[in-house]
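Q: what shape does this take:
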Amino acid sequence: MIINKNIIVFANRTIKRARIGNDIKHIGSYAFNNCTNLCEVEFVQNSKLESIGINSFACSSIKSISIPKSVFRISLQAFYHCDKLK
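A: Predicted structure coming up:
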């Protein structure tokens with residue numbers, strides 16, 4: 001993953017699992033877009049994540065996600081075409 005300060009801006013498209021540390025406050029637009037092998041996203045306990053950008057996880061294979069309570073903004077189509085998401 002490419003991290004710019006406290007923002008995830010890009011992930012390798014072959015990633016299968018992502019663990020988001022508590023130093024991350026924002027998941028940038030398109031960060032995990034089209035990561036078709038991405039099945040699992042985990043946030044550490046006491047996550048400080050505040051926002052999830054446009055199309056952040058679009059077209060990924062995530063099956064479930066527990067969004068931290070600290071998140072106050074989920075942008076348009078953040079989970080667009082996540083057909084396996086329950």
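Q: tally of neighbours for the closest residue to residue 25 other than its chain neighbours?
A: Closest residue to residue 25 apart from its sequence neighbours, by Cβ to Cβ, 6 or more residues apart in numbering: residue 6 at 4.4 Å. Backbone N, C-alpha and C define where each C-beta goes, glycine included. By other Cβ atoms under 10 Å, 14 other residues sit near residue 6.
Q: same check on the one 10 residues further on?
A: Residue 16 has 11 neighbours, counted by other Cβ under 10 Å.
Q: hang on, it packs against residue 41?
A: No: if you go by Cβ atoms under 8 Å, residue 16 and residue 41 don't touch, sitting 10.7 Å apart.
Q: so where's the chain uncertain?
A: 1-5 (pLDDT under 70).
Q: which stretches in it count as helices?
A: Shown for the chain, no helices are assigned by DSSP state H.
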